[in-house]
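Novice: Dropping the sequence and predicted coords here.
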Amino acid sequence: MTAATSTMPTPAPLHVEGLSLRFGGIHVLEGLDAVFEPGRITGLIGPNGAGKTSFFNCLTGLYLPQEGRIRLGGTAVGHLPPNRRAMLGFARSFQHVALCPELSCVENVMAGMQRHARAGWLSAFLPFPAANAEREAHRELARQALERVGAGKAADALPAELPPGMLRLVEIARAIVGKPQVLLLDEPAAGLNSAETAELAAVLLRLRQPDLVLLVVEHDMDLIMGICDTIHVLSAGRMLAHGTPADIRANPEVVRVYLGDEDV
């Protein structure tokens, strides 16, 4: 008797090969190579102007680099626009929380289900039963995502009624509700106090999944050192170092960039 063949997809790493980005004659990123593995939390750190957000923008298709390749598993994605990458399972947050103020938190999170929607635009105006059922299913999934990040009590609140830490959790819920393969979080601890940052750290550790590439850009070194399995360090658009948190702490070049005069 033979074992049944598994139909579960193999978790896909995110490969970056020779990535270079220029604006005019200015090199923003130069020859970056990296592999981001699923099942791990990877930190991306560097001084201001190192190219971290530009790198995120290349991964999500907001910027198109002049050189290099981006692959998710065996699928080349570097030529695809942001909406196509979202359909493949890319999701991100931004440095500044971007929630629609007129929508409740659960409605904001429902927006993250867009790539799974089957109902057309006409369903927004006509009461099609299938569309109504889909909308209710998405609302339930949004509530579950809010519960997963510890923001369930905020489901029916408007963003203006919530503190910064809760708003950040709602934004993360929106990013995870569609079950992404790649989750990119850009400075999630920005503007948070110490208690909110500790809660965020616990949430991010819970988000680690075998089939999820989780990449975090952050300046809060205590947070990065506390949650990451691997850390990559950018400086002036180049990869300065990568390794475990212990490796990064002991790297003299990383110490020089952070504690010396270099701030590019």
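Specialist: In hand now; what should we look at? Numbering: from 1, shown residues only.

Novice: In terms of helices and strands, where is residue 201?
Specialist: Using DSSP states H and E, residue 201 maps to helix 194-207.

Novice: ok, and what's touching that helix?
Specialist: Helix 194-207 is contacted by residues 41, 148-150, 163-165, 168-169, 172, 176, 183, 185, 188-189, 192, 214, 216, 220, 222-223, 226-227 when judged by Cβ atoms under 8 Å, 6 or more residues apart in numbering. For every residue, glycine as well, the C-beta is placed using N, CA and C.

Novice: Give me the sheet partners of the helix or strand following it and which way each runs.
Specialist: Where DSSP H and E defines the elements, the next helix or strand beyond helix 194-207 is strand 213-217. Here strand 213-217 has these sheet partners by DSSP bridges: strand 41-45 (parallel), strand 182-186 (parallel).

Novice: TSV for the ones you listed, including distance to residue 244 and mean pLDDT?
Specialist: Converted to TSV, the strands paired with strand 213-217 look like this (distance: least, Cβ to Cβ, whole Å; pLDDT from 0 to 100):
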stretch	distance to residue 244	mean pLDDT
strand 41-45	11	96
strand 182-186	20	95
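
Novice: Same list (these) but as JSON lines, adding distance to residue 138 and mean neighbour count.
Specialist: JSON lines is the format used below for the strands paired with strand 213-217 (distance: least, Cβ to Cβ, whole Å; neighbours: other Cβ atoms under 10 Å):
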{"stretch": "strand 41-45", "distance to residue 138": "27", "mean neighbour count": "24"}
{"stretch": "strand 182-186", "distance to residue 138": "19", "mean neighbour count": "23"}
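
Novice: Look at residue 231 and tell me its secondary structure.
Specialist: Of the three states, residue 231 takes strand according to DSSP: H, G, I helix; E, B strand; the rest coil.

Novice: pLDDT at it, what is it?
Specialist: On pLDDT, residue 231 comes in at 96.

Novice: and it, bridged to which residues?
Specialist: residue 43, residue 243.

Novice: Over to residue 26?
Specialist: residue 23.

Novice: where's it relative to residue 49, distance?
Specialist: Distance of residue 26 to residue 49, computed by Cβ to Cβ, to the nearest Å: 11 Å.
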